[in-house]
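Engineer: model the structure of this input:
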Amino acid sequence: MRVLGIDPGSRITGFGVVQVLRNGRIEYVASGCVRVPSQDLAGKLKTVYDGVSEIIKTYQPTVLAIEKVFMARNADSALKLGQARGAAILAGANHMIDVAEYTALQIKRAAVGKGHAGKPQVQHMVQALLGLSAVPPADAADALACAICHAHHAVGLRSLPPRRTGRRGMRLAL
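Structural biologist: From the prediction side, this is the model:
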């Protein structure tokens, strides 16, 4: 499975691509940022869409993992973030790849072990988990953390035993 993680933004959209091996190990493939020039809203969204589409064509992910929108202090910022997020999701949908959504808390917990980690902690742990020679930029690290979150979630689901039930549908202890 190849996962494309997206950290959406109206100025910078981070991306990170990881490969999940059969043994559950996660390998770094690529990361970077789509920089959105100052222009009208439609132009910004087109830049995000085109950038994510190009990344999908280049790295051929099987799933796109993206951060869910949270309510920020500034409603205008949350709205812009949601629009950039929508452009990225649309790029994935148009390329017929599955889209998975995770909260910031879930992403940080998967990468760092605690949900309220700061950006430097996320950057450090992404570097350590993926064996990178340098600390990735903050937006790319957040996107890689999102991809790691999905990889952990997908591998964890595969390793669960099948659900067994007894009479009357009660779950049996395994």
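
Engineer: tell me what the biggest helix by length in the chain is packed against?
Structural biologist: When the chain is parsed with DSSP state H, its longest helix is helix 138-159. Using 3 or more CB pairs under 8 Å, 6 or more residues apart in numbering; DSSP states H and E, the elements in contact with helix 138-159 are strand 2-7, strand 12-20, strand 26-35, strand 63-67, strand 98-102, helix 104-112, helix 119-130. C-beta coordinates here come from the backbone N, C-alpha and C atoms, glycine included.

Engineer: how much space separates the nearest residue to Gln121 once chain neighbours are set aside from Pro120?
Structural biologist: Nearest non-adjacent residue to Gln121, counting by CB to CB, 6 or more residues apart in numbering: Val112, 5.2 Å away. According to CB to CB, to the nearest Å, Val112 stands 10 Å off from Pro120.

Engineer: which of those two has more residues huddled nearby?
Structural biologist: Taking other CB atoms under 10 Å, Val112 and Pro120 do not tie; Val112 has more neighbours (19 against 11).

Engineer: just the pLDDT for that one.
Structural biologist: Looking at Val112, its pLDDT stands at 91.

Engineer: that one touches Lys119, doesn't it?
Structural biologist: No. Using CB atoms under 8 Å, Val112 is not in contact with Lys119; the gap is 10.5 Å.

Engineer: surely Ala88 meets Val48?
Structural biologist: Yes. Contact criterion CB under 8 Å: Ala88 and Val48 qualify, at 5.9 Å.

Engineer: which residues do these two both contact?
Structural biologist: Common contacts of Ala88 and Val48, defined by CB atoms under 8 Å, 6 or more residues apart in numbering, comprise 8, 13.
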